[in-house]
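Asker: just the structure for this:
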Amino acid sequence: MPSLLEALEQKYQDGGNATDTEGSVSIFVPRKPPRVIVPSLLVLNDCDITSAGDKQALVDKCAAVEELDLAKNKLEHWPEVLEILKHMPRLKFVNLSFNCLALPLNGQELDEQIRWQNLRNLVLNSTRVPWKNIQRILNHLPSLEELHLSLNDYNNVELYDETLHCDCDGEKPETETNENNVEKSSTVIDSEFNCNCGSPVEPKRKHKHLKVKKVHFTGNPVSKWHEICKIGYAFPNLESLVVAECPIKSLEVDYDVENCNKEKPQYERSESGYESDTKTPHDSFNKLKFLNLNATHLSTWDDVERLSKFPALHCLRVQVNTKFWYPDFTVSYN
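Answerer: All right, here's what the predicted structure looks like:
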């Protein structure tokens with residue numbers, strides 16, 4: 001199996017010398033050396049790549065690469081993937097789709113000091129990458145704007161550490177929200193909500209990646225809307241979400257057992273989900289403008305009504321159940 005470097009050299013190395021052995025006159029054409037610097041857009045799909053190759057050669061040849069497409073290769077080990085990315089500091093777009101990247105990423109395999117400051121678009125479709133790996137990788141992508149996680153067989157969402165617990169004395173510290181801190185870092189933890197009660201921290205109070213605007217989550221077997229809400233909590237500035245072909249049956253947020261017999265709340269269209277302790281289908285999507293729910297299992301007008309409560313939603317794509325009059329429509333909110 002070739003390394004990325006070998007596949008790259010094979011693609012950009014010119015053919016051999018041109019000679020005419022039958023004629024009386026021979027024309028010698030000097031062979032050109034392999035290209036030293038590859039283009040800013042590097043596409044090496046379906047090349048059976050398994051590893052990075054020589055580090056220094058990668059640095060010499062790939063310094064100018066800004067877009068890297070390695071879909072449908074044989075990459076399996078995250079250290080090899082990280083070795084490739086580490087030597088392409090200008091990367092803005094990376095596509096690793098259809099590589100089996102299901103192996104765990106250990107902490108020591110990812111240098112805590114490394115940041116891919118320019119990377120804005122990461123595609124991990126059909127990689128089966130574990131949530132733990134995604135958590136670690138996101139912390140090293142401060143400028144990420146678009147994330148693709150389709151076809152990964154996820155039945156839940158874990159964009160934060162489930163083992164985190166409150167560690168205060170049960171009272172919220174008297175601190176003021178500092179807007180400047182948000183500007184300084186694209187990844188923040190809401191320490192103002194931590195407490196020593198020892199109970200699990202709510203998703204809305206955990207890790208937040210402020211630069212991410214678009215998430216594609218098509219074709220994952222998630223059926224509970226509260227799992228989708230975790231995407232909004234992790235990315236509070238999310239503007240576009242595609243959850244097509246997920247078996248979501250309702251937009252109603254699940255309740256605890258002790259609350260299951262209580263009257264269902266009336267959801268209101270509000271600018272902030274923190275204004276009330278009542279959980280709503282939209283309180284984690286305050287800035288969402290585009291939502292694609294095609295080929296889900298939504299089947300009631302109640303869910304259509306819930307969609308109208310999303311405070312910033314302008315465009316909705318949804319394929320409705322056949323018991324409705326219109327099988328497929330797009331709604332635009334003005």
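Asker: flag every buried residue along stretch 100-112.
Answerer: 101, 105, 110 (16 or more other C-beta atoms under 10 Å). C-beta coordinates here come from the backbone N, C-alpha and C atoms, glycine included.
Asker: for stretch 289-307, same thing?
Answerer: For stretch 289-307, by 16+ other C-beta under 10 Å, it's 289-296, 298, 300, 303, 306-307.
Asker: make a markdown table from those residues and add pLDDT to it.
Answerer: Below are these laid out as a markdown table (pLDDT from 0 to 100):
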| residue | pLDDT |
| --- | --- |
| Lys289 | 97 |
| Phe290 | 98 |
| Leu291 | 97 |
| Asn292 | 97 |
| Leu293 | 95 |
| Asn294 | 94 |
| Ala295 | 93 |
| Thr296 | 93 |
| Leu298 | 89 |
| Thr300 | 84 |
| Asp303 | 88 |
| Arg306 | 91 |
| Leu307 | 90 |
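Asker: pLDDT-wise, which helix or strand of this protein ranks last?
Answerer: Between all helices and strands in the chain, the lowest mean by mean pLDDT, DSSP states H and E belongs to helix 179-184, at a mean of 39.
Asker: how about the nearest residue to Leu159 once chain neighbours are set aside, phi and psi?
Answerer: Counting by C-beta to C-beta, 6 or more residues apart in numbering, Ala234 is the residue found nearest to Leu159 once chain neighbours are left out, at 3.8 Å. Dihedral angles of Ala234 (phi, psi; degrees, to the nearest 10) stand at phi -70, psi -30.
Asker: on the three-state scheme, the residue nearest to Gly53 when sequence neighbours are not counted is what?
Answerer: Sequence neighbours aside, Leu5 is the residue nearest to Gly53 in space, at 2.8 Å (criterion: C-beta to C-beta, 6+ apart). For Leu5, the secondary structure call by DSSP: H, G, I helix; E, B strand; the rest coil comes out as helix.
Asker: go ahead and confirm Leu5 touches Asp60.
Answerer: No. Contact between Leu5 and Asp60 fails when scored by C-beta atoms under 8 Å: they sit 10.0 Å apart.
Asker: between these two, point out the one with more neighbours.
Answerer: Leu5 (20 against 12; other C-beta atoms under 10 Å).
Asker: ok, now which ones touch that one?
Answerer: 52-54, 57-58, 61 (C-beta atoms under 8 Å, 6 or more residues apart in numbering).
Asker: would you map the strands across this protein?
Answerer: In the chain, the strands defined using DSSP state E lie at 41-43, 67-69, 93-95, 121-123, 146-148, 187-188, 208-209, 214-216, 240-242, 290-293, 315-319, 328-332.
Asker: what are the pairing partners of the fourth one, and which direction each?
Answerer: Right, strand 121-123. Strands that pair with strand 121-123, judged by DSSP bridges, come out as strand 93-95 (parallel), strand 146-148 (parallel).
Asker: ok, Leu101 to Trp78 distance?
Answerer: 7 Å (C-beta to C-beta, to the nearest Å).
Asker: mutual contacts of the two, please.
Answerer: Asn133.
Asker: per-residue pLDDT, the residue nearest to Leu159?
Answerer: If you check Ala234, the pLDDT there is 95.
Asker: and it, how far from Asn139?
Answerer: Distance from Ala234 to Asn139, by C-beta to C-beta: 12 Å.
Asker: same question, Cys246
Answerer: From Cys246 to Asn139 the distance is 26 Å (C-beta to C-beta).
Asker: in space, what's closest to Lys74 - neighbours in sequence excluded?
Answerer: Thr50 (4.6 Å).
Asker: quick one, what contacts the one you found?
Answerer: Here Thr50 is in contact with 1-3, 73-76, 80 (C-beta under 8 Å, 6+ apart).
Asker: which of those scores worst on pLDDT?
Answerer: For these, the least confident entry is Met1, with 86.
Asker: you'd agree that one is up against Asp48?
Answerer: Yes. At 5.2 Å, Met1 counts as touching Asp48 under the criterion of C-beta under 8 Å.
Asker: okay, and the common contacts of those two?
Answerer: Lys74.
Asker: how far away is the nearest residue to Pro130 once chain neighbours are set aside from Ile49?
Answerer: Residue nearest to Pro130 in three dimensions, not counting chain neighbours: Pro104, with 6.0 Å by C-beta to C-beta, 6+ apart. Noted for Pro104: a distance of 21 Å to Ile49, by C-beta to C-beta.
Asker: in the protein, what spans have low per-residue confidence?
Answerer: 14-37, 161-207, 254-278, 320-334 (pLDDT under 70).
Asker: now the helices for it?
Answerer: 4-12, 55-62, 78-86, 131-138, 179-184, 225-234, 301-307 (DSSP state H).
Asker: mind putting the strands of the chain in CSV, distance to Glu252 included?
Answerer: As requested, the strands of the chain are arranged in CSV below (distance: least, C-beta to C-beta, whole Å):
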stretch, distance to Glu252
strand 41-43, 44
strand 67-69, 40
strand 93-95, 36
strand 121-123, 31
strand 146-148, 26
strand 187-188, 30
strand 208-209, 25
strand 214-216, 21
strand 240-242, 18
strand 290-293, 14
strand 315-319, 16
strand 328-332, 19
